[in-house]
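Enquirer: What follows is a predicted protein model with its sequence.
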Amino acid sequence: MIPVSVRLGTVVPPEDPEDWTRPLTWVAAIGMLAPPAVALAWFIVAGPGDSTHPVLGTWTVALALVVGAAAAGGTQLGRLRAFTGTLGAGLLAALLVVVAGAVSAGERQVGSASPSLAHAVAAALAGLAGASPAAALGAFTANSWSRLQRGAAAAALGAVVTVAVLPGLFRA
């Protein structure tokens, strides 16, 4: 049960799981990091003025999150890896989007969140709501469809859910 290298006293380090010379690694990385980059650029260039309704930037960040998560999950082989890859990418992107909203919130208000933080949280929640069914579809089709087909189908399903959920997050 114990590897030979450990029994002999020599521990061999595992191979690097991320091979940055492969295109799929870049697809997964861009899928996770594009939404926070879009959010940060939006908040710096022309952040939202109020938090009463979703604006174009909110929609863009939420859809970038779900499409990026589906793309990252689509790079994985196997049902469990496709599922966890999609959800993991969505969770990391959502966390970084909220961090971008908090960092770019210039004013600190008591009792209410700044508009950039409110839009970041709403985009992250809507993106995660879409990433969940996208992960399920990606896992269901992992062994039968190509990476491109299951990534596109998962992104489309996730985008539909995201578009349905986002306006409801701004209703009081």
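Expert: Perfect, thanks for sending it. Source: prediction; values computed, not measured.

Enquirer: C-alpha from now on. contacts and neighbour counts both.
Expert: Fine.

Enquirer: what bits of this protein have low per-residue confidence?
Expert: By pLDDT under 70, the weakly predicted segments of the chain are 1-21, 107-113, 172.

Enquirer: what residue is smack in the middle of it?
Expert: The residue lying closest to the centre of the chain (CA atoms, centre = their mean) is Gly90, at 2.6 Å.

Enquirer: what about the strands in this protein?
Expert: Along the chain, no segments are classed as strands by DSSP state E.

Enquirer: quick one: the helices in it?
Expert: 4-7, 23-46, 56-74, 79-104, 115-140, 147-165 (DSSP state H).

Enquirer: As a markdown table, the ones you listed with distance to Arg171 would be great.
Expert: As requested, the helices of the chain are exported to a markdown table (distance: least, CA to CA, whole Å):
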| stretch | distance to Arg171 |
| --- | --- |
| helix 4-7 | 58 |
| helix 23-46 | 22 |
| helix 56-74 | 15 |
| helix 79-104 | 20 |
| helix 115-140 | 11 |
| helix 147-165 | 11 |
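
Enquirer: now, of those, which is deepest in the fold?
Expert: Highest mean neighbour count among these (mean count of other CA atoms under 10 Å): helix 56-74, with a mean of 29.

Enquirer: now the angle from it to helix 23-46?
Expert: 170 degrees (axes from the mean of the first three to the mean of the last three CA atoms, to 10 degrees).

Enquirer: from now on call the first residue 593
Expert: With the count now opening at 593, the last piece we talked about shows up as helix 648-666.

Enquirer: Quick check: which helices or strands does helix 648-666 pack against?
Expert: For helix 648-666, the packing partners by 3 or more CA pairs under 8 Å, 6 or more residues apart in numbering; DSSP states H and E come out as helix 615-638, helix 671-696, helix 707-732, helix 739-757.

Enquirer: for those helices, which one sits closest to His645?
Expert: helix 707-732 (8.8 Å; CA to CA).

Enquirer: Now do the same contact list for Gly730.
Expert: 662, 665-666, 671, 674-675, 678, 742-743, 745-746 (CA atoms under 8 Å, 6 or more residues apart in numbering).

Enquirer: Name the pair among these with the greatest separation in space.
Expert: Within these, Arg671 and Ala745 form the most distant pair, 15.0 Å apart (CA to CA).

Enquirer: Give me the distance from stretch 724-731 to the chain's centre.
Expert: Stretch 724-731 has its C-alpha centroid displaced from the chain centroid by 13 Å (CA atoms, centre = their mean, to the nearest Å).

Enquirer: For stretch 618-637, C-alpha coordinates in PDB please.
Expert: The C-alpha trace of stretch 618-637 is given here as PDB (Å, rounded to 0.1, in the frame of the first residue of the first chain):
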ATOM      1  CA  TRP A 618      -4.700  28.400 -20.200                       C
ATOM      2  CA  VAL A 619      -8.400  28.000 -21.000                       C
ATOM      3  CA  ALA A 620      -9.000  26.900 -17.400                       C
ATOM      4  CA  ALA A 621      -6.900  29.800 -16.000                       C
ATOM      5  CA  ILE A 622      -8.600  32.400 -18.200                       C
ATOM      6  CA  GLY A 623     -12.000  31.000 -17.300                       C
ATOM      7  CA  MET A 624     -11.300  31.600 -13.600                       C
ATOM      8  CA  LEU A 625      -9.500  34.900 -13.900                       C
ATOM      9  CA  ALA A 626     -11.400  36.700 -16.600                       C
ATOM     10  CA  PRO A 627     -14.500  37.600 -14.500                       C
ATOM     11  CA  PRO A 628     -12.600  39.300 -11.700                       C
ATOM     12  CA  ALA A 629     -10.500  41.100 -14.300                       C
ATOM     13  CA  VAL A 630     -13.600  42.400 -16.100                       C
ATOM     14  CA  ALA A 631     -15.200  43.400 -12.800                       C
ATOM     15  CA  LEU A 632     -12.100  45.300 -11.600                       C
ATOM     16  CA  ALA A 633     -11.700  47.100 -15.000                       C
ATOM     17  CA  TRP A 634     -15.400  48.000 -14.900                       C
ATOM     18  CA  PHE A 635     -15.200  49.300 -11.300                       C
ATOM     19  CA  ILE A 636     -12.100  51.400 -12.100                       C
ATOM     20  CA  VAL A 637     -13.200  52.800 -15.400                       C
END
